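1. Got a sequence here, can you model it:
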Amino acid sequence: MRVGARQEFAFNDTNNHQATFLESRDLPMKTPAVVNYAPEKYSVDLREVEVPEIGPEDVLLEVANVGVCGSDLHQWTADHSWPVNYPVVLGHEFGGIIAQVGREVTGWKEGDRVVSETAAIIDPSNPMSRRGLYNLDPSRKGFGYGVNGAMTKFVRVPSRILHRVPNGLPFEQACLTEPCCVAYSAVVKNATIEPGDRVVVLGPGTIGILCAAMARLCGAQVALVGLPQDAHRLEIARQYGCEIIIGDAKPWAMERDGLGCDGVIDAAGASITLKIALDIVRPAGWISKVGWGPQPLGFNLDPLVQKNIRLQGSFSHNWPIWERVIALQASGQLDVKPIIGGVWPIDQWHDAFEKMHTGQVVKSVLKP
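-> This is a model prediction of the structure:
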């Protein structure tokens, strides 16, 4: 492509609709990307991919930073429970600078600092989308499994899911808006917390720690529970004012009046943690389940009925949640710096994945 050239191109997108974009800057034809290329275990590699063309309502985002999610690791180790459109560029926690703007995009310009939501494809006419709950649209496809994600230099993003990043918020922190939104949804939208409540969070991964931090912002007394091998991550969570428990959480849950804790956030990816949650939550309490796990339950759900417990699933997020979380980060009320274990260049993706997979760091961040 020529420097300074402005040409109109046409192509067919995944929905076979004609789309156009204006080239407004010199871009490479290809760029390295972390690609999940097959369903077999460890089928992830650094490969050259085409720089995407954008449609009239899209922007081309030059990625500044992209977080490694537990779901990226699950696709790497092939123990995920969702369909993947192979081959696909991984990465859905990202932010950067707008490099190109589609001809029908309004409100955005080249050079704007932004982060992006994950709902890359939705059906605007779906009843859930019409309610603003497009995260629950059954046809929704997200970055990193349904369409190409952001573990590369350039990613195509619909302008409808962009959010502005304040100048004072560094991209290595802003790129973690997405997991913060997952936590906000699980704790604020899908749970009921009053100041002084005692809340147990099961699972000290990224989402568990952020859920604990969010529950603390809501005024709860919070205990984060893990295993002996989670000691390092639990110590990081202590920085958010949480009590740390290795092993049995029941004594802490029963401490106030012997009936159990007010609520449990299940952020672990194992079915057994739901059984633990049912055991330690008080009658008329609640459980917010945000952790994925493909295993069958294999235990009795009668305590759910007997104790009149509200069991609530929590999936993804939508536009107003993103605006709230960005405001929390920009104000300093929510600080993600403690969970960031390092920033790796894109060609060291394997080290970043391995550090996170083995629990040496809570969150790895890549810089394409």
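2. phi, psi of residue 135?
-> Per-residue torsions, residue 135: phi -60, psi -20 (degrees, to the nearest 10).
3. Kindly tell me how buried it is, as a neighbour count.
-> 21 (other CB atoms under 10 Å). Yep, even glycine has a C-beta here, placed from its N, CA and C like the rest.
4. Please name the nearest non-neighbouring residue to it.
-> Counting by CB to CB, 6 or more residues apart in numbering, the nearest residue to residue 135 once its immediate chain neighbours are dropped is residue 316, at 3.7 Å.
5. repeat for residue 37
-> residue 87 (4.0 Å).
6. and the one you found, how far is that from residue 69?
-> Residue 87 sits 18 Å away from residue 69, going by CB to CB, to the nearest Å.
7. what does residue 220 give?
-> From residue 220 to residue 69 the distance is 25 Å (CB to CB).
8. which residues does residue 97 bridge with?
-> residue 62, residue 113 (DSSP bridges).
9. Surely it and residue 60 touch.
-> No: the pair residue 97 / residue 60 is not scored as a contact, 10.0 Å apart, by CB atoms under 8 Å.
10. More neighbours: which of the two?
-> Remark: of residue 97 and residue 60, residue 60 carries more neighbours, 24 against 16, as counted by other CB under 10 Å.
11. which residues touch the more buried one?
-> Contact analysis of residue 60 by CB atoms under 8 Å, 6 or more residues apart in numbering lists 21, 27, 51-52, 54, 98-100, 154-157.
12. rounded to a whole number, what's the mean pLDDT of the helix or strand hosting it?
-> Element membership for residue 60 (DSSP states H and E) is strand 58-67. Mean pLDDT, strand 58-67: 98.
13. same thing with stretch 224-231?
-> Stretch 224-231 comes out at a mean pLDDT of 95.
14. Could you give me the buried positions within that stretch?
-> Residues of stretch 224-231 classed as buried: 224-226, 230 (neighbour count, 16 or more other CB atoms under 10 Å).
15. Go through those residues and name the one nearest residue 140.
-> residue 224 (30.3 Å; CB to CB).
16. Report the strands that pair with the strand or helix carrying that closest one, each with its relative direction.
-> Using DSSP H and E, residue 224 maps to strand 221-226. Here strand 221-226 has these sheet partners by DSSP bridges: strand 198-202 (parallel), strand 243-246 (parallel).
17. and among those strands, the most buried is which?
-> strand 198-202 (a mean of 28; mean count of other CB atoms under 10 Å).
18. what does that strand contact?
-> Residues contacting strand 198-202 (CB under 8 Å, 6+ apart): 193, 208, 211-212, 215, 220-225, 242, 249, 252-253, 255-256, 261-268, 273, 276-277, 280-281, 291.
19. Centre of the chain to the next helix or strand after it, how far?
-> Using DSSP H and E, the next helix or strand after strand 198-202 towards the C-terminus is helix 206-217. Relative to its parent chain, helix 206-217 has a centroid offset of 13 Å by CA atoms, centre = their mean, to the nearest Å.
20. So for stretch 344-360, what gets flagged as buried?
-> Those would be 344, 346, 348-349, 352-353, 355-357, 359, for stretch 344-360 by 16+ other CB under 10 Å.
21. Alpha carbons of that stretch, as PDB, please.
-> Provided in PDB are the C-alpha atoms of stretch 344-360 (Å, rounded to 0.1, in the frame of the first residue of the first chain):
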ATOM      1  CA  TRP A 344       5.500  -9.900  26.800                       C
ATOM      2  CA  PRO A 345       6.100  -9.100  23.100                       C
ATOM      3  CA  ILE A 346       3.900 -11.100  20.700                       C
ATOM      4  CA  ASP A 347       6.700 -13.400  19.700                       C
ATOM      5  CA  GLN A 348       7.000 -14.500  23.300                       C
ATOM      6  CA  TRP A 349       3.300 -15.500  23.600                       C
ATOM      7  CA  HIS A 350       4.300 -19.100  24.700                       C
ATOM      8  CA  ASP A 351       6.100 -17.800  27.700                       C
ATOM      9  CA  ALA A 352       3.200 -15.500  28.600                       C
ATOM     10  CA  PHE A 353       0.700 -18.400  28.300                       C
ATOM     11  CA  GLU A 354       3.000 -20.800  30.300                       C
ATOM     12  CA  LYS A 355       3.500 -18.300  33.100                       C
ATOM     13  CA  MET A 356      -0.200 -17.900  33.500                       C
ATOM     14  CA  HIS A 357      -1.100 -21.600  33.000                       C
ATOM     15  CA  THR A 358       1.300 -22.700  35.700                       C
ATOM     16  CA  GLY A 359       0.000 -20.000  38.100                       C
ATOM     17  CA  GLN A 360       3.300 -18.100  38.300                       C
END
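22. And the average pLDDT for that stretch is what?
-> 97.
23. who are the neighbours in contact with the nearest residue to residue 290 once chain neighbours are set aside?
-> Spatial nearest neighbour of residue 290, chain neighbours left out: residue 186 (4.0 Å); criterion: CB to CB, 6+ apart. Residue 186 makes contact with 207, 211, 214, 265, 267, 288, 290, 314, according to CB under 8 Å, 6+ apart.
24. Many thanks, we can stop here.
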